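Visitor: Task: produce atomic coordinates for the following.
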Amino acid sequence: MVKAVWKECVIAESEQIQEMDGYVYFPIASVRQDLLEPSERRSVCPKKGEAHYFHILVGNDCNVDAAWRYPEPKHAAARIAEHIAFWRGVTVER
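Guide: Numbers count the residues shown, from 1 in each chain. All right, here's what the predicted structure looks like:
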């Protein structure tokens, strides 16, 4: 089982991950939605499309823009549709 952990809290857990460009993408259904808050941040990847970000909230701590997904990924990134990835101190444990 692969886990995404921040502040000793499991944010996501799945065996059905996708890996792309060095990041692990978890199916949306495996991510604790109660720990995510939508962000206004957007970025564009020529290969994957427009990324939408989320803050991660654990207790009183907020990890700003530490999760993202591609709601409408380009064809080359179709396998990460409906998946979320993490960074900024979130560790992926295998």
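
Visitor: residue with max distance from the center of this structure?
Guide: Among the residues of the chain, the one whose C-alpha is farthest from the average of all C-alpha positions is N60, by C-alpha atoms, centre = their mean at 20.1 Å.

Visitor: Which pLDDT value does the model give E82?
Guide: Looking at E82, its pLDDT stands at 97.

Visitor: Phi first, then psi, for it.
Guide: Its backbone dihedrals place E82 at phi 60, psi 30, with angles given as degrees, to the nearest 10.

Visitor: isn't it right up against I28?
Guide: Yes: contact status for E82 versus I28: in contact at 5.2 Å, counting by C-beta atoms under 8 Å. C-beta coordinates here come from the backbone N, C-alpha and C atoms, glycine included.

Visitor: overlap in contacts of the two?
Guide: Common contacts of E82 and I28, defined by C-beta atoms under 8 Å, 6 or more residues apart in numbering, comprise R69.

Visitor: most centrally placed residue in this protein?
Guide: The C-alpha lying nearest the average C-alpha coordinate of the chain belongs to A85 (C-alpha atoms, centre = their mean; 2.4 Å).

Visitor: Against N60, how distant is it?
Guide: Taking C-beta to C-beta, to the nearest Å as the criterion, A85 is separated from N60 by 24 Å.

Visitor: For the chain, which segments count as strands?
Guide: In the chain, strands defined by DSSP state E lie at 2-6, 9-14, 18-20, 23-27, 36-45, 49-58, 61-69, 83-86, 91-93, listed in chain order.

Visitor: I'd like the ones you listed laid out as CSV, including distance to H75.
Guide: CSV is the format used below for the strands of the chain (distance: least, C-beta to C-beta, whole Å):
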stretch, distance to H75
strand 2-6, 25
strand 9-14, 24
strand 18-20, 13
strand 23-27, 16
strand 36-45, 13
strand 49-58, 9
strand 61-69, 17
strand 83-86, 15
strand 91-93, 26
